[in-house]
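**Student:** The following comprises the amino acid sequence and a computationally predicted model.
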Amino acid sequence: MLLNSLRTDTDPIALLESNALRPPHACVPLAGDRRSQFSCRQAQNTDLLGGTSKGQTSVSTPQCRLRYTRGRALQADRNWQSPDQGPNPSRPGGGDAHVIPVAIETPHRIFIGRKHDGAPRPDASLDEIFDTVQRQTLRYFWEFGHPTSGLARERSNATPHVVTTGGSGFGIMAVLAGVERGWIGRQAALDRLITMVCFLGEAERHHGAFPHWMDGDSGQTIPFSRLDDGGDIVETAYLMVGLLSARQYFRGSDAKERALRNLIDTLWSEVEWDWYNHGSDTLLWHWSPVHEWAMDLPIHGWNECLITFILAASAPRHPIEPSVYHHGWTAGRSFANGRCFDGIPLPLGPDHGGPLFFSHYSFLGLDPRGLRDRYADYWHQNVAYARVNQAHCIRNPEKFDGYSAECWGLTASDSIEGYVAHAPDCDHGVITPSGALSSFPYAPVECQRALRHFASRGNRLWGEYGFRDAFSPAMDWYADSYLAIDQGPIVAMIENYRSGLLWRLFMSCPELRVGLAKLGFSQRAKATTAMS
């Protein structure tokens, strides 16, 4: 009911105050064609839109109850070999859970202009190619988004019910770029985001953190591995960057935009970042309601996880102490480097650089221009990371056919051998378009050469959602897949290069400024050399 009101002119605040949304019981089944199973419980003194209502029961519409779902411990035998096997709908709820069927609405499918039948022309203007690539890639999130939750599906070629937490955060940022470019209507995007956040409020959480994978219909955790069947604080961080960017974008005074902001604030405030500290000197990546801390994976740098520590320090309710960053993140064996590779000084990270997503994922929203702390200047770090990667492909020590100054980009993607974190020290002869295209702010000349080269490969590399996930010129192999975590950075980082939109939005969060200062970051005059 509330979700319907947010798509019309009905004031949701007035609707919340009506008796219709204050039933005597905390669980109310709704009629509808699409049904899911959720645990729900009575939550006292909480108002959906961010206020409090002492002595009253929270709104019980299943799309919009936002609370930490307690008592949902997984059964010890729930270790599926594949996400295709899915959760067991007959499993009992735990603790005070009460399971009921509820309706979840299907987001509207709105097409973002004319479909592009062919690859972009390599000789077209750069802005024309950018428009074509961003719009086509955005279709992965807008048209291929999960029909119930609106979240991003993990991949295009398998497990259609599996949605990805981090990839959904990337997709939200891609949608914001689409709105700003005029390819998606503002109200249509707002409706989709409200569907997402209401679903997330009902999804299974683990001390406020979301799992890596969820079932897009039920919101239940789908194990990423045998022991990884609970909260993933890194994937949650990527999702929060997208949500907070959306909160900053939709700053209007109308009921829908106010509701979206308050829903996002609730999800953000309920993440227990300090729980994932577990009394150690760092953050631990995972917690499971069944296996607890058995994964035992401390997060040390340098890698894709910087944003996790920054958000954890910025959190409004459950922050970490600065010592967790300074003692934990910097303790990795591959944190400080300082050596030169192919004549390029590399401040942080493994020798010859790791996969390029290390310089993408944390920086879709976090603006590295002029950003520094006692360990590095992060603009210089990311510029070096991109150029070292390209230099490796030019040098081509493994002598793979097809590598060149135009054909480069090693990062995690599909390959003939399955999913691989491609890097200079793990080179399988596979190029991932996302690697080079998501580096545009750091090395625009080098990335433009790669972009035109990828376009020249035509429809073998180009398809329904833009450039395919990966290809191997040496083996004449092209992936038949698209992955959310590769498609999202293409749209977001090209947009950051073109306009700085996502950087501007995320960096406007007041909590973030507090967290950065707490950890000793400063942001001096913006670096512009590489972007000119």
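**Tutor:** Right, received. Where do you want to start?
**Student:** list the buried ones in stretch 470-483?
**Tutor:** Neighbour-count burial for stretch 470-483, with 16 or more other CB atoms under 10 Å as criterion, is recorded at Ala470, Phe471, Ser472, Pro473, Ala474, Tyr478, Ala479, Ser481, Tyr482, Leu483. Placement of C-beta: from N, CA and C, glycine included.
**Student:** what is the mean pLDDT for it?
**Tutor:** Averaged over stretch 470-483, pLDDT sits at 97.
**Student:** CA atoms of it as CSV?
**Tutor:** Only the C-alpha atoms of stretch 470-483 are listed here, as CSV (Å, rounded to 0.1, in the frame of the first residue of the first chain):
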residue,chain,number,x,y,z
ALA,A,470,35.9,-10.4,-21.4
PHE,A,471,37.7,-11.7,-24.5
SER,A,472,41.0,-13.4,-25.4
PRO,A,473,42.5,-12.3,-28.7
ALA,A,474,45.1,-15.1,-28.5
MET,A,475,42.4,-17.8,-28.2
ASP,A,476,39.8,-16.0,-30.3
TRP,A,477,37.4,-16.4,-27.4
TYR,A,478,34.6,-14.0,-26.4
ALA,A,479,32.5,-14.3,-23.2
ASP,A,480,28.8,-14.8,-23.6
SER,A,481,28.3,-13.1,-20.2
TYR,A,482,27.8,-9.8,-18.5
LEU,A,483,28.6,-9.3,-14.7
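**Student:** can you give me how far it is from the chain middle?
**Tutor:** Stretch 470-483 has its C-alpha centroid displaced from the chain centroid by 24 Å (CA atoms, centre = their mean, to the nearest Å).
**Student:** Identify those among the buried residues of stretch 470-483 that sit within strands.
**Tutor:** Phe471, Ser472, Tyr478 (DSSP state E).
**Student:** which of those lies closest to Pro424?
**Tutor:** For these, the closest approach to Pro424 (CB to CB) belongs to Ser472, at 16.2 Å.
**Student:** how close does the closest one sit to Cys407?
**Tutor:** With distances taken as CB to CB, to the nearest Å, Ser472 is found 11 Å from Cys407.
**Student:** Need the overlap of contacts for the two.
**Tutor:** Both Ser472 and Cys407 are contacted by Ile431, under the criterion CB atoms under 8 Å, 6 or more residues apart in numbering.
**Student:** So the nearest residue to Leu190 once chain neighbours are set aside, which state does it fall into?
**Tutor:** Setting aside the residues directly before and after it, Leu190 is nearest to Lys256 in space (CB to CB, 6 or more residues apart in numbering), at 5.4 Å. Here Lys256 is helix, with the state taken from DSSP: H, G, I helix; E, B strand; the rest coil.
**Student:** Could you tell me how many residues sit around Lys256?
**Tutor:** 21 (other CB atoms under 10 Å).
**Student:** How about the one 10 residues further on?
**Tutor:** Other residues within reach of Thr266, judged by other CB under 10 Å, total 20.
**Student:** quick one: buried residues of the helix or strand where it lies?
**Tutor:** According to DSSP states H and E, Thr266 maps onto helix 255-269. Within helix 255-269, the residues that count as buried by 16+ other CB under 10 Å are 255-268.
**Student:** and the residues you listed as CSV, adding pLDDT?
**Tutor:** Shown next, in CSV, are those (pLDDT from 0 to 100):
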residue, pLDDT
Ala255, 95
Lys256, 96
Glu257, 97
Arg258, 97
Ala259, 97
Leu260, 98
Arg261, 98
Asn262, 97
Leu263, 97
Ile264, 98
Asp265, 98
Thr266, 98
Leu267, 98
Trp268, 98
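**Student:** Now distance to Ile431 too, for the residues you listed, in a markdown table please.
**Tutor:** Listed next are the buried residues of helix 255-269 as a markdown table, based on distance: CB to CB, whole Å:
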| residue | distance to Ile431 |
| --- | --- |
| Ala255 | 47 |
| Lys256 | 42 |
| Glu257 | 41 |
| Arg258 | 45 |
| Ala259 | 44 |
| Leu260 | 38 |
| Arg261 | 40 |
| Asn262 | 44 |
| Leu263 | 40 |
| Ile264 | 36 |
| Asp265 | 41 |
| Thr266 | 42 |
| Leu267 | 37 |
| Trp268 | 37 |
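**Student:** Please identify which pair of those residues lies farthest apart.
**Tutor:** Ala255 and Trp268 (20.2 Å).
**Student:** measure Pro316 to Phe358 for me?
**Tutor:** Pro316 is 28 Å from Phe358, where distance means CB to CB.
**Student:** So between the two, which is more surrounded?
**Tutor:** Phe358 (27 against 14).
**Student:** Next up, the contacts around that one.
**Tutor:** By CB under 8 Å, 6+ apart, Phe358 lies in contact with Trp302, Asn303, Glu304, Gly349, Tyr385.
**Student:** For the stretch 101-250 of the chain, which segments count as strands?
**Tutor:** Applying DSSP state E, counting those that start in this stretch to the stretch 101-250 of the chain gives strands spanning 162-164, 213-215, 221-222, 231-232.
**Student:** Nearest approach to Tyr378 belongs to which of those strands?
**Tutor:** That would be strand 231-232 among the strands of the stretch 101-250 of the chain, by CB to CB, at 23.8 Å.
**Student:** Note down every partner strand of the closest one and its orientation.
**Tutor:** The strands beside strand 231-232 in its sheet (DSSP bridges) come out as strand 286-287 (antiparallel).
**Student:** following the partner strand, which helix or strand comes up?
**Tutor:** Next in sequence after strand 286-287, counting helices and strands by DSSP H and E, comes helix 306-314.
**Student:** packing partners for that following helix?
**Tutor:** Contact partners of helix 306-314 among helices and strands, from 3 or more CB pairs under 8 Å, 6 or more residues apart in numbering; DSSP states H and E: helix 233-249, helix 322-327, helix 510-519.
**Student:** can you give me the helices in the stretch 101-250 of the chain?
**Tutor:** For the stretch 101-250 of the chain, the helices defined by DSSP state H, counting those that start in this stretch occupy 126-142, 165-180, 186-202, 233-249.
**Student:** Please tabulate those in CSV, including the columns distance to Asn337, mean neighbour count and mean pLDDT.
**Tutor:** Output for these, formatted as CSV (distance: least, CB to CB, whole Å; neighbours: other CB atoms under 10 Å; pLDDT from 0 to 100):
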stretch, distance to Asn337, mean neighbour count, mean pLDDT
helix 126-142, 32, 21, 98
helix 165-180, 26, 28, 98
helix 186-202, 37, 23, 98
helix 233-249, 22, 27, 98
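**Student:** Give me the nearest residue to Phe357, chain neighbours excluded.
**Tutor:** Residue nearest to Phe357 in three dimensions, not counting chain neighbours: Thr411, with 4.9 Å by CB to CB, 6+ apart.
**Student:** cool, Gly171 as well?
**Tutor:** Nearest non-adjacent residue to Gly171 (CB to CB, 6+ apart): Phe141, at 3.6 Å.
**Student:** Check Asp123 too.
**Tutor:** Spatial nearest neighbour of Asp123, excluding adjacent residues (CB to CB, 6+ apart): Arg452 at 7.7 Å.
**Student:** do Gly500 as well
**Tutor:** Asp367 (7.4 Å).
**Student:** So what's the predicted local confidence for the spatially closest residue to Phe440 that is not a sequence neighbour?
**Tutor:** Spatial nearest neighbour of Phe440, excluding adjacent residues (CB to CB, 6+ apart): Tyr497 at 4.1 Å. Predicted confidence (pLDDT) for Tyr497: 98.
**Student:** Nice, that's everything, thank you.
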